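# Below is the structure, and that's it, no one-letter string:
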């Protein structure tokens, strides 16, 4: 079986037009650039997830003695059935509908990179997927929102006398006030064009902080205003972190090493944001009415975005812009304490 099928190999680009050893130097250079642009079309996290899904599909094919190289809707239909039913050949656990849909998207993407086409509308796929949705789909389980009073308690749990505590306070406040995704928080640089893996940069202005981000649909700017008190001001927290960490260039949020006394050169992994939120929420005693394991699952990096969306008492369009959502409906999914039934169509209709 082809090794590329097992590893979720790299995308097919003009690099494969000629064998590399037969390419003129200029064409090889263009091919490498084309490969870089092809990889930049999707985020590193997306490519990593798709590669893992391709490996999962390839492993299932091996167990069932099937060939994954060429797209076959009948094989894919059997695969998503195995995922939905929790067959032993896929690990014995039922996959959620959202996971199955992501795996299917990964297969479409992987085959496209190899110059093939997998039609999701083929009846062997579409009909099975529709049945899976009807049988197993559930409302999304939303994470708890970190509300302002929760955030203040979490900030108090951070040690202001340590570098790690200063960093964590800045990350929590910037993430909340900016409504940022965890990858956007850790992807920030101290200035423009300072690292190859950066997703944006900051500019501290008299009125607040301007965050420039590269998102799925292009570049956007997020404004974070100064807070009403130094203890809860995102800009003050960030300036304290920058002053004591002596960061002037490169990744903004980094690992703290040397028993908490040194700042390393490496950018934090975005999963550290989720770990920070869970850790600080537990230290602050949030949802103390629940067992510890249950509380741990309630919070994530998205809790910060949900907190801003749920507590900012401004016109909804401003929240939508801050979170970078294309539709108001997506923003409403983040609002945990909306004023429900404020518009009563029953009474408005005369009943």
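Cool, the structure landed. Every value quoted in this text rests on a predicted model; they were computed, and no experiment measured them.
# Give the bridge partners for residue 223, please.
Assessed by DSSP bridges, residue 223 has beta-bridge partners residue 210.
# was I right about it contacting residue 208?
Yes - assessed by Cβ atoms under 8 Å, residue 223 is found in contact with residue 208 at 6.2 Å. (Each C-beta comes from the backbone N, C-alpha and C, glycine too.)
# quick one: the strands in the chain?
Applying DSSP state E to the chain gives strands spanning 188-189, 200-205, 208-215, 218-225, 254-257, 262-267.
# Show the contacting residues for residue 292.
Neighbour list for residue 292: residue 282 [criterion: Cβ atoms under 8 Å, 6 or more residues apart in numbering].
# re earlier: any idea which of the strands of the chain gets closest to residue 141?
Smallest distance to residue 141 across these (Cβ to Cβ): 24.8 Å, for strand 208-215.
# tell me which residues of that closest one are tucked away?
Of all the residues in strand 208-215, those buried under the rule 16 or more other Cβ atoms under 10 Å are 208-209, 211-214.
# okay, the angle between it and strand 218-225?
160 degrees (axes from the mean of the first three to the mean of the last three Cα atoms, to 10 degrees).
# for strand 208-215, packing partners?
helix 163-178, helix 182-186, strand 200-205, strand 218-225, helix 234-245 (3 or more Cβ pairs under 8 Å, 6 or more residues apart in numbering; DSSP states H and E).
# Any idea how many residues pack against the closest residue to residue 158 other than its chain neighbours?
Distances taken as Cβ to Cβ, 6 or more residues apart in numbering place residue 165 nearest to residue 158, at 4.3 Å, with adjacent residues excluded. Summarising burial for residue 165: neighbours were counted as other Cβ atoms under 10 Å, giving 18.
# Give me the pLDDT for residue 165.
pLDDT for residue 165: 95.
# From residue 154, how far off is it?
From residue 165 across to residue 154, the span is 12 Å (Cβ to Cβ, to the nearest Å).
# Show me what counts as buried in the longest helix along the chain.
Ranked by number of residues, the top helix in the chain under DSSP state H is helix 44-63. Using 16+ other Cβ under 10 Å as the test for burial, helix 44-63 gives 47, 49-51, 53-54, 56-58, 60-61.
# for stretch 160-170, same thing?
163-170.
# again, but for stretch 116-127
Neighbour count says stretch 116-127 has 118, 122, 124-125 buried, by 16+ other Cβ under 10 Å.
# Out of those residues, which two sit at the greatest distance?
Top of the distance list for the buried residues of stretch 116-127 (Cβ to Cβ): 118 and 124, 10.9 Å.
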